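Colleague: Here you go, sequence then predicted model.
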Amino acid sequence: MARIDGITEQRREKLRKIRSLGIDPFPHRYHRSHTNKEAIAHFQRDDCAPQVSLAGRIMAFRTMGKATFIDVRDSSGKIQAYFRSNLLGDKYELLKEFDIGDIIGMSGEMFRTHSGEVTLKVNDFVILSKSLQPLPEKWHGLTDVEKRYRQRYLDLISSEEVNRIFTVRSRAIAAIRRFLNRRGFIEAETPVLHPAAGGALARPFTTHHHALDQNLYLRIATELYLKRLVIGGFDKVYEIGRIFRNEGISTKHNPEFTMLESYEAYADYNNVMSMTEELVSYVTKNVLRKTKVSYAGTTIDFTPPWHRVTLRDAVREQCKIDFLEHADYDSLRDAIQHYGLNVDESPSWGKLLDKLFSTYVEPHLIQPTFIMDYPVELSPLAKRNPDDERLVERFEAFAGGMEIANAFTELNDPIEQRERFQEQEKLRALLGDEEAERVDEDFLLALEYGMPPTGGLGVGIDRLVMLLTDQQSIREVILFPQLRTKQVG
RNA sequence: GGGCCGUUAGCUCAGGGGUAGAGCACCUGACUUUUAAUCAGGGUGUCGUGGGUUCGAAACCCACACGGCUCACCA
C-alpha cells in the first residue's frame, strides 16, 4: 500500500503551508455550542437566527468562486455551511488549504438557503485536524469487504447503514442492562484468564503468565465463576462479556464474541424461559420500537410467548427418529441410515444427535422457539429432569435458524456434578474429545458449600444483534472481526 | 483444512495476448444560494506477490498471500 502518493503529498504540502501561516493544524480543543442536529433543531424550533459554533468532518465541497458550500458531519448528522468572501475577507482564501476529510470548527449564524436547507453562515472557522489520506468515494463508499473490516473507521465514515448497525448494537446492550438491573440483577466482572477453561464445551485459547509461570486459558464461558457468586449470596447476577473459543470462523462464528450470562437463585428453566422471551422482546421494542423484525426476507415476531417444543418432539417431527428409543451410538446411527438421512460421522451418541438436530431441525426454527429437555450427555452442568433422568432441564432458544440462547436449571448437587465431570473426562480419554469439560475441583469445592436452586441463561449478543439489524454475517455486527494478519512489506 | 469465486488509480469498476481505461476523488482555471453544483483542461498505476509460457502477459499456466461464500468444527 503506497502510503505516500500524489494526493497525500499534496495534502502534506497544504499542511506545511498552514503551518507557515502561523496556524496550528492540530489545535488542542474547540468549543462547540451545539451538535449539528441541535443547531438545526434550534433554528427550526425558535425560528430565529441563533449564533452557534459547530465542528465536524468535511464531507463535501461545492465552490463557486467567491462563495463555497461545504457539508460537515458530526456524530449527530450532517450540516451545510456557507462561506462568503465578503463576509470572511482574506480568511476566505484559507479555505483552499482545506480538504474533504479535514476536521473543521466553524461559528456563525443559522439561516435558510433559497432552496430551503437550514445552513450555517460562517463568520469564522478554524482547522481542527488536517487529513492526509483521501476518503472513500462519496457515492459508492467502501465496498471492498476486507478493507471495510480492516479499516472499519472508513466504513463508518462512508456508510450510514454501518453506523446504524453499531448504534443498534450499543442500544441493545444498554437495554439488556436496563432490563436486568430493573429486575434486581447485579452486574459482575469475573476473570477472563482461567486456570481451567470450563462452563462450556469448546476448545480454549491458551496463554502463559510469566510471573506465575503458569499456563492460563482465555474463558470459554463465565458460568462457573458466576455460579460461585450465587453461592456467595448474589441471588441475581449477570455478566456481559467477551468469550473466546478457539474454533472455526464463519458467518455465524467469530473467535471472540459477546455473551450475556445470568443466574437467578430460586428460579428454574421455566422461569428463565419466560424471562428470556420478555428480555428479547423488551430489547427489540426498545431499540427498534417494534417486536417484529425483518430478517433474511422473512418476518420474525418476538412477541411472547414463543413456541415451546421438546428436543425429542422436534427431532421426531423432522426426522421421524425418537432418540430416546435409540439411546446408544449404533442404534441412532442405524436409525439415521434407515430414514436415509445424511449426517456425518460423529465421535459420540450425543454429538451425533446434535448433528442430526442442527442439520434437520435448526434451519427450520425461524420464528422464536424454545427447544427443551436435552440429553444429560450433552449437558454436564444441568440438572436432571425429574420425570426422565436421561434428560436435563435445559432449553435453547432459536430464531432465524440460529441458536441465540442456552439455559438450564443448574446442577447444584456437588456429588452428581463430580460424577458428571468424570463422565466428561472419560469422553475426553476415550474419544479424544478436546471440548469435554474437565473436573474443576475449585468449582466443586464451592458447590459443596451449597448453591441454591438456580436458573441460568446464556445469550449470544452478536447473534441477537444480527437479528435486530437483518445481517446474515456475524462480522457485520462486530466492529473489528478476526482476520488473518496481513504480512507487511 | 477442502471446494468455488475474487484481487486493475485514493474509492467504485471496465478491459481476457499487441501503447493502462471510465466515473468519483485530486490538480489548474472560471463562477457570491450550491447540494452527486456546473463548465474547460490535466491520468496521478509494482494490474495482489513470485515463477513460467510467449517476439510480446493485466490477460494464459503454476505456486503463494489476502479476502468472500460454502463444507467441516462450534455458539
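Modeller: Right, received. Where do you want to start?

Colleague: neighbours around residue A:119, how many?
Modeller: Per other CB atoms under 10 Å, the neighbour tally for residue A:119 reads 21. (C-beta placed from N, C-alpha, C; glycine too.)

Colleague: quick one: the helix or strand harbouring it near RNA strand B?
Modeller: Assigned by DSSP states H and E, residue A:119 belongs to strand A:118-129. Yes. Judged by CB under 7 Å from any atom of the strand, strand A:118-129 comes into contact with RNA strand B through residue A:119.

Colleague: got the buried residues for the very next helix or strand once past that strand?
Modeller: Later in the chain than strand A:118-129, the nearest helix or strand by DSSP H and E is helix A:145-150. If you call a residue buried by 16 or more other CB atoms under 10 Å, then helix A:145-150 has these buried ones: A:148-149.

Colleague: same thing with stretch A:119-127?
Modeller: Those would be A:119-122, A:125-127, for stretch A:119-127 by 16+ other CB under 10 Å.

Colleague: Mind putting those into JSON lines with pLDDT?
Modeller: Formatted as JSON lines, the buried residues of stretch A:119-127 follow (pLDDT from 0 to 100):
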{"residue": "A:119", "pLDDT": "96"}
{"residue": "A:120", "pLDDT": "97"}
{"residue": "A:121", "pLDDT": "96"}
{"residue": "A:122", "pLDDT": "97"}
{"residue": "A:125", "pLDDT": "97"}
{"residue": "A:126", "pLDDT": "96"}
{"residue": "A:127", "pLDDT": "96"}
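
Colleague: Quick check: the two most widely separated of those residues?
Modeller: Using CB to CB, the pair of the buried residues of stretch A:119-127 lying farthest apart is A:119 and A:127, separated by 20.5 Å.

Colleague: out of the buried residues of stretch A:119-127, who's nearest RNA strand B?
Modeller: Looking at the buried residues of stretch A:119-127 and their distance to RNA strand B, the nearest is residue A:119, at 5.5 Å (CB to the nearest atom of the strand).

Colleague: Bridged to the closest one, which residues?
Modeller: Assessed by DSSP bridges, residue A:119 has beta-bridge partners residue A:80, residue A:111.

Colleague: so who does it touch?
Modeller: Residue A:119 makes contact with A:69, A:79-82, A:110-113, according to CB atoms under 8 Å, 6 or more residues apart in numbering.

Colleague: can you do 7 Å?
Modeller: Counting by CB atoms under 7 Å, 6 or more residues apart in numbering, residue A:119 touches A:80-82, A:111-113.

Colleague: Helices of the stretch 251-400 of chain A, residue ranges please.
Modeller: Using DSSP state H, counting those that start in this stretch, the helices of the stretch 251-400 of chain A run over residues A:269-288, A:311-319, A:329-338, A:349-360.

Colleague: Pipe these into TSV and attach distance to RNA strand B, mean neighbour count and mean pLDDT per row.
Modeller: Compiled in TSV, those are given as follows (distance: least, CB to the nearest atom of the strand, whole Å; neighbours: other CB atoms under 10 Å; pLDDT from 0 to 100):
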stretch	distance to RNA strand B	mean neighbour count	mean pLDDT
helix A:269-288	14	20	97
helix A:311-319	14	18	92
helix A:329-338	13	15	87
helix A:349-360	5	20	88
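
Colleague: would TSV of the ones you listed with distance to residue A:16 be doable?
Modeller: Below are these laid out as TSV (distance: least, CB to CB, whole Å):
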stretch	distance to residue A:16
helix A:269-288	47
helix A:311-319	69
helix A:329-338	72
helix A:349-360	61
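
Colleague: what about those, which gets the closest to residue A:484?
Modeller: Residue A:484 lies closest to helix A:349-360 among these, at 26.8 Å (CB to CB).

Colleague: which strands and helices sit next to the closest one?
Modeller: helix A:311-319, helix A:329-338 (3 or more CB pairs under 7 Å, 6 or more residues apart in numbering; DSSP states H and E).

Colleague: is it true that residue A:405 lies in a strand?
Modeller: Yes. Assessed with DSSP: H, G, I helix; E, B strand; the rest coil, residue A:405 lies in a strand.

Colleague: how close does it sit to residue A:153?
Modeller: In this view, residue A:405 and residue A:153 are 32 Å apart by CB to CB, to the nearest Å.

Colleague: So for those two, which sits in the more crowded spot?
Modeller: residue A:405 (25 against 8).

Colleague: In contact with the more buried one, which residues?
Modeller: For residue A:405, the contact set (CB under 7 Å, 6+ apart) comprises A:276, A:396-397, A:457-459.

Colleague: What does the pLDDT read for it?
Modeller: Per-residue pLDDT puts residue A:405 at 96.

Colleague: Repeat that for the one 10 residues further on.
Modeller: In this model, residue A:415 is scored at 96, pLDDT.

Colleague: What residues does it make contact with?
Modeller: Going by CB under 7 Å, 6+ apart, residue A:415 touches no other residue.

Colleague: Can you name the residue of the stretch 201-350 of chain A nearest RNA strand B?
Modeller: Going by CB to the nearest atom of the strand, RNA strand B is nearest to residue A:248 of the stretch 201-350 of chain A, at 2.9 Å.

Colleague: so that residue, which of the three states?
Modeller: Once three-state DSSP is applied, residue A:248 turns out coil.

Colleague: Quick check: residue A:130 vs residue A:11, distance?
Modeller: Going from residue A:130 to residue A:11 by CB to CB gives 7 Å.

Colleague: same question, residue A:128
Modeller: 15 Å.

Colleague: cool, residue A:136 as well?
Modeller: Per CB to CB, residue A:136 is found 16 Å from residue A:11.

Colleague: and if you look at residue A:290?
Modeller: Separation of residue A:290 from residue A:11 (CB to CB) stands at 45 Å.

Colleague: Between those two, which is the more surrounded one?
Modeller: Neighbour totals were compared for residue A:290 and residue A:11, and residue A:11 leads with 20 against 12 (other CB under 10 Å).

Colleague: so the more buried one makes contact with residue A:99?
Modeller: Yes. With contact defined as CB atoms under 7 Å, residue A:11 reaches residue A:99; the gap is 6.0 Å.

Colleague: Show the end-to-end separation of stretch A:308-324, please.
Modeller: Separation of the first and last residues of stretch A:308-324 by CA to CA, to the nearest Å is 19 Å.

Colleague: contact partners of it?
Modeller: A:332, A:335-336, A:339, A:341, A:353, A:356-357, A:360-361, A:364, A:369-374, A:390.

Colleague: What average pLDDT does stretch A:289-309 get?
Modeller: Per-residue scores along stretch A:289-309 average to 95.

Colleague: Determine whether any part of it lies close to RNA strand B.
Modeller: No. Where contact is defined by CB under 7 Å from any atom of the strand, no part of stretch A:289-309 touches RNA strand B; the two come within 10.5 Å at best.

Colleague: and that stretch, which residues are buried?
Modeller: For stretch A:289-309, the neighbour count (16+ other CB under 10 Å) marks A:291, A:293, A:295, A:300, A:302, A:304, A:306, A:309 as buried.

Colleague: Which residue is the nearest non-sequential neighbour of the fourth one?
Modeller: Read that as residue A:300. residue A:293 (5.3 Å; CB to CB, 6 or more residues apart in numbering).
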